[in-house]
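*Asks:* Provide a 3D model corresponding to the input given below.
(one chain, ligands or ions: 2)
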Amino acid sequence: MKAVFLEEVGKLSLRDVAKPVPQPDELLVRVEACGICGTDRHLFLGEFPSRPPVTLGHEFAGIVEAVGSSVSAFQAGMRVTGDPNIACGRCAECHRGRVNLCHNLQAIGIHRNGGFAEYVTLPEKQAFALPLTIGPLHGAFCEPLACCLHGVDLAGIQAGSSVIVIGGGVIGLLVVQLARLAGATRVVLVTRSEAKRRLAESLGATATINPSSGDVVDRIVADDGLLPGGADVVFECAGLRETVEQAPLLTARGGTAVILGVLPSDQKVEIEPFDLLFREVGIVTSFLNPFTHRRAAELIASGTITVEPLISRTVGLGEAVDAISSPAAGGEIRTLVVPSL
Ligand code: NAP
Ligand code: ZN
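*Replies:* Ligands and ions are numbered 1, 2, ... in the order given. Got it, this is the predicted structure:
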């Protein structure tokens, strides 16, 4: 089969390798689609540690081709999405139920071969069924959606809450939809691209703001702003110093800023603890997808979350090397690798 390998930092190649054989507790999955995430580009550049040579790709879904001898809940022909993050189940964090903080976390597509390939093996405990009736590419959005669900769970949105989402990439556009589902009545999305602002409005944002055309905090928080005093919950989904600094300033008294965006590891930001304390603004960080993948699969399976307009383009495995090693194209939301192309 064909698979895209990270050979070493800065070097990707398309290899012809033997089709993998599932272990007794694994499924062999024929990949239908696998999303190219910012993390794949960071892995390529060596900004996140990985274990090359390894096939990248952690946002995948596909059709079960074969099952190992001890697999009981899945059979050939079923569509599945994989939770790529494998916790050890034995460390102190796993025992506390904090599996995303597992000391021995292993990820499919980072530490073991992932979804930029015709086939991937998936432990049964990491697999979740999807109906055959949904769009064949939609399952690739379960993983990013599961990460967004964790952030939304941590945020404590109530019916009638107000929300600001900073960043209109795939994460921001999924969070906009989840915030509405969770009961937020006003959801303001901040992003530069006009096309993404229009899309956000069609997905449930009640207002959008272009950060390039004036001070974001003023235009939202001021007495005559969009949400005077700020929002009950602010989601930082851009991963920039400037936007992390904005998040607490956009949060109302007693509210919560949730940081989903990933900054470079040495980046520092300026936060004013006095302001946080006297307005009792909480800052929480949200990492990965602990126990949220099943709900993400349900939201995709039921069509409750719209993902079709988030697909910017599809590429075959032959074009994947180029797509992963180049920066995201302007306006790109998600590029999916579709091995059958
Ligand atoms: P993305 O596609 O790069 O989205 C980021 C968006 O931020 C861009 O679409 C960009 O759109 C927008 N942006 C740039 N400058 C901005 C500004 N000044 N104000 C507001 N928006 C601005 O990335 P993504 O896939 O959606 O992921 C978002 C972040 O979440 C990344 O840092 C990613 O690493 C992180 N992430 C975290 C987790 C987790 O578990 N915590 C999981 C997945 C991803 P415009 O140019 O239109 O503004
Ligand atoms: Zn563990």
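
*Asks:* got the residues of the stretch 1-150 of the chain near ligand 1?
*Replies:* Applying CB under 6 Å from any ligand atom, we find that the stretch 1-150 of the chain lies next to ligand 1 at C37, G38, P144, C147. C-beta coordinates here come from the backbone N, C-alpha and C atoms, glycine included.

*Asks:* For the residues you listed, point out the one with the lowest pLDDT.
*Replies:* Among these, G38 has the lowest pLDDT, at 91.

*Asks:* separation between E194 and ligand 1?
*Replies:* According to CB to the nearest ligand atom, to the nearest Å, E194 and ligand 1 sit 8 Å apart.

*Asks:* so what's that residue up against?
*Replies:* N210 (CB atoms under 8 Å, 6 or more residues apart in numbering).

*Asks:* Look at it and report its pLDDT.
*Replies:* 97.

*Asks:* Make JSON lines from the residues of the stretch 1-150 of the chain next to ligand 1 and add distance to ligand 2, secondary structure and neighbour count to it.
*Replies:* Shown next, in JSON lines, are those (distance: CB to the ion, whole Å; DSSP: H, G, I helix; E, B strand; the rest coil; neighbours: other CB atoms under 10 Å):
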{"residue": "C37", "distance to ligand 2": "23", "secondary structure": "coil", "neighbour count": "25"}
{"residue": "G38", "distance to ligand 2": "25", "secondary structure": "helix", "neighbour count": "17"}
{"residue": "P144", "distance to ligand 2": "23", "secondary structure": "helix", "neighbour count": "23"}
{"residue": "C147", "distance to ligand 2": "18", "secondary structure": "helix", "neighbour count": "26"}
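
*Asks:* Nearest to Q177 among these?
*Replies:* Using CB to CB, P144 is the member of these that lies nearest Q177, at 12.0 Å.

*Asks:* Could you list which residues are in contact with that closest one?
*Replies:* Contacts for P144 were tallied using CB under 8 Å, 6+ apart; they are G35, C37, E59, V170, I171, L174.

*Asks:* Give the helix, strand or coil label for L149.
*Replies:* Look at L149: counting by DSSP: H, G, I helix; E, B strand; the rest coil, its state is helix.

*Asks:* List the contacts of it.
*Replies:* Applying CB under 8 Å, 6+ apart, one finds that L149 lies in contact with L178, N289, T292, R295, A296, L299.

*Asks:* show me the residues around the spatially closest residue to it that is not a sequence neighbour that make contact.
*Replies:* Closest residue to L149 apart from its sequence neighbours, by CB to CB, 6 or more residues apart in numbering: T292 at 4.0 Å. With contact set as CB under 8 Å, 6+ apart, T292 has these partners: A146, C147, L149, H150, D153.

*Asks:* same thing with L154?
*Replies:* So L154 contacts T256, V258, V284, S286 (CB under 8 Å, 6+ apart).

*Asks:* and if you look at T243?
*Replies:* The contact partners of T243, taken as CB under 8 Å, 6+ apart, are I166, G167, V190, E236, G261.

*Asks:* what's the answer for A127, then?
*Replies:* A127 neighbours (CB under 8 Å, 6+ apart): L27, V29, A73, F74, V80, T81, G82, D83.

*Asks:* One more: G316?
*Replies:* Shown in contact with G316 (CB under 8 Å, 6+ apart): V337, V338, P339, S340, L341.

*Asks:* While we're on the residue lying closest to the last one once chain neighbours are set aside, how confident is the model there?
*Replies:* If I follow you right, that is L341. Setting aside the residues directly before and after it, L341 is nearest to G316 in space (CB to CB, 6+ apart), at 3.5 Å. On pLDDT, G316 comes in at 98.

*Asks:* again with P49
*Replies:* For P49, the pLDDT comes out at 87.

*Asks:* Now do it: how many residues are near it, please.
*Replies:* The tally of other residues near P49 (other CB atoms under 10 Å) stands at 10.

*Asks:* For it, give me the backbone phi and psi.
*Replies:* Backbone geometry at P49, expressed as degrees, to the nearest 10, gives phi -70, psi 140.

*Asks:* which other helices and strands contact the biggest strand by length in the chain?
*Replies:* Ranked by residue count under DSSP state E, the longest strand found in the chain is strand 26-36. Under the contact criterion of 3 or more CB pairs under 8 Å, 6 or more residues apart in numbering; DSSP states H and E, strand 26-36 touches strand 59-67, strand 79-82, strand 119-123, helix 317-325, strand 334-337.

*Asks:* ranking the ones you listed by burial, who's on top?
*Replies:* Most buried of these, by mean neighbour count (mean count of other CB atoms under 10 Å): strand 79-82, with a mean of 27.

*Asks:* Return the distance of it from the chain's centre.
*Replies:* Chain-centre distance of strand 79-82: 16 Å, with CA atoms, centre = their mean, to the nearest Å.

*Asks:* May I have that strand exported as CSV, CA atoms only?
*Replies:* Taking C-alpha atoms only, strand 79-82 is exported to CSV below (Å, rounded to 0.1, in the frame of the first residue of the first chain):
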residue,chain,number,x,y,z
ARG,A,79,-17.4,2.8,9.0
VAL,A,80,-15.3,4.0,12.0
THR,A,81,-13.5,7.0,13.3
GLY,A,82,-10.4,6.6,15.4
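
*Asks:* For A73, which non-adjacent residue is closest in space?
*Replies:* Of all residues not flanking A73 in the chain, E124 sits nearest, at 6.5 Å (CB to CB, 6+ apart).
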